[in-house]
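J.: heads up, no residue letters with this:
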Ligand code: NAD
């Protein structure tokens with residue numbers, strides 16, 4: 001039996017997030033939205049397509065006019081307008097009209113791209129998200145942010161565009177490799193740290209089951225994580241206020257990601273950024289020393305780094321200042337007032353950042 005959360009937009013019920021252990025209920029959920037006798041285009045990527053596209057296509061054929069599959073080359077380097085152009089061409093050649101449906105089957109890259117295509121093709125056609133990475137299930141598929149990178153600038157072109165349904169089949173996480181799973185977990189941990197100390201404690205208590213990818217534990221974890229993100233995006237759908245709290249760990253994390261030329265995974269950089277932000281929070285006496293060390297050490301059993309080598313502090317600070325989220329010179333930082341309560345702060349100095357970077361720089365005597 002599926003579990004469901006509903007996400008509101010501007011106070012009105014907008015779309016369901018369905019949590020399940022297979023794809024079996026997907027056709028019924030799509031039919032319930034009134035999409036019968038329409039054409040469906042499943043947009044996927046070259047890793048996910050061979051694993052799941054045929055199964056999803058087979059299930060959807062009885063409730064559609066025609067199902068076609070478009071396979072994007074996998075990877076962030078393909079999240080660009082050149083690839084988007086090719087998909088527009090494909091949709092036109094398949095005579096997709098405004099009543100048809102786009103289905104994103106993949107991780108955050110596919111979800112962001114398919115969502116952007118849906119937002120712009122014929123000035124907007126409906127789309128459904130079927131997220132297949134832990135990051136996409138707990139974070140990127142919710143909230144309606146879509147878009148692509150532009151000449152090295154991440155997510156520079158895009159739109160807020162809500163899906164009609166988000167359908168999670170937890171079992172697809174079994175084919176995800178260890179580092180992708182860990183990378184997504186950084187965002188889960190972030191949700192607990194910024195909004196819900198009970199959830200953070202639950203993650204620690206269920207560490208073994210999470211690592212083992214026990215389906216019941218994963219459904220509970222993904223659902224809770226989605227519920228936290230749901231509450232944040234409902235309150236601030238277009239990132240004018242509270243939604244910025246989701247950037248906890250991302251201010252320094254993004255700068256490290258860029259500095260390391262995207263050689264580290266996003267979640268690894270978020271973990272490093274979260275440790276640095278927690279360190280600043282401790283130094284400002286918002287967190288106790290024990291809380292800081294506990295937060296730092298909790299990333300380790302989930303396969304996430306808490307230290308990094310070979311970084312140039314000044315270069316990272318420069319990158320932070322040039323980030324598009326920097327607000328007329330001052331950097332919007334997210335600090336922790338306590339575990340489960342994040343606050344926005346624009347007064348963090350370069351010296352505080354420098355000290356935090358020193359803290360996460362690996363040295364021989366790092367515990
Ligand atoms: P991704 O989509 O590149 O997926 C990671 C890798 O895993 C890819 O190689 C993919 O092919 C593969 N994969 C996906 N599902 C799989 C499965 N079930 N089994 C085996 N392999 C699988 O990366 P991601 O981490 O999911 O998403 C990152 C993207 O999400 C970034 O572009 C980022 O900007 C975006 N993002 C968007 C939001 C938002 O609110 N829209 C939020 C956070 C991140």
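T.: In hand now; what should we look at? These figures come from a predicted structure and were not determined experimentally. Numbers count the residues shown, from 1 in each chain.
J.: up against the ligand, what does the stretch 101-250 of the chain have?
T.: Counting by C-beta under 6 Å from any ligand atom, the positions of the stretch 101-250 of the chain adjacent to the ligand are 106-110, 112, 132-133, 135-136, 139-140, 143, 145, 154-155, 172, 175-176, 180. Every residue, glycine included, has its C-beta placed from N, CA and C.
J.: restricted to strands, list the residues you listed.
T.: 106, 145, 154-155 (DSSP state E).
J.: now rank the residues you listed by neighbours and give me the top one.
T.: residue 106 (31 neighbours; other C-beta atoms under 10 Å).
J.: would you list the phi and psi of the residue found closest to it once you drop the neighbours it is linked to in the chain?
T.: Excluding its sequence neighbours, the residue lying closest to residue 106 (C-beta to C-beta, 6 or more residues apart in numbering) is residue 48, at 4.4 Å. Per-residue torsions, residue 48: phi -80, psi -40 (degrees, to the nearest 10).
J.: and for residue 148?
T.: Dihedral angles (degrees, to the nearest 10) for residue 148: phi -140, psi 170.
J.: still on that earlier bit, got a quick PyMOL command for the buried subset of the residues of the stretch 101-250 of the chain next to the ligand?
T.: Applying 16 or more other C-beta atoms under 10 Å to those, the buried members can be selected in PyMOL as follows:
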select buried, resi 106+107+108+109+110+112+132+133+135+136+139+140+143+145+154+172+176+180
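J.: which ones are touching residue 27?
T.: Counting by C-beta atoms under 8 Å, 6 or more residues apart in numbering, residue 27 makes contact with 59-60, 62-63.
J.: in helices, which of those residues fall?
T.: Assigned to helices by DSSP state H, the following of the contacts of residue 27 qualify: 59-60.
J.: neighbour-wise, which of the contacts of residue 27 leads?
T.: Counting by other C-beta under 10 Å, top hit in the contacts of residue 27: residue 60 with 22 neighbours.
J.: roughly how far does it sit from the ligand?
T.: In this structure, residue 60 and the ligand are 18 Å apart, going by C-beta to the nearest ligand atom, to the nearest Å.
J.: who's in contact with that residue?
T.: For residue 60, the contacting residues are 26-27, 30, 40, 42, 67, 103, by C-beta under 8 Å, 6+ apart.
J.: how about a cut-off of 6 Å?
T.: 27, 40, 67 (C-beta atoms under 6 Å, 6 or more residues apart in numbering).
J.: name the nearest residue to it, sequence neighbours excluded.
T.: Setting aside the residues directly before and after it, residue 60 is nearest to residue 67 in space (C-beta to C-beta, 6+ apart), at 5.1 Å.
J.: likewise residue 76?
T.: residue 109 (5.9 Å).
J.: you'd agree that neighbour is up against residue 78?
T.: No - the criterion here is C-beta atoms under 6 Å, and residue 109 misses it with residue 78 at 7.4 Å.
J.: for stretch 71-80, buried residues please.
T.: For stretch 71-80, burial by neighbour count (16+ other C-beta under 10 Å) applies to 71-72, 74, 78-80.
J.: pretty sure residue 185 contacts residue 302?
T.: Yes - between residue 185 and residue 302 there is a contact at 5.0 Å, judged by C-beta under 6 Å.
J.: higher neighbour count, those two?
T.: residue 185 (25 against 20).
J.: quick check: the more buried one vs the ligand, distance?
T.: When residue 185 is compared with the ligand (using C-beta to the nearest ligand atom), they lie 11 Å apart.
J.: likewise for residue 49?
T.: 9 Å.
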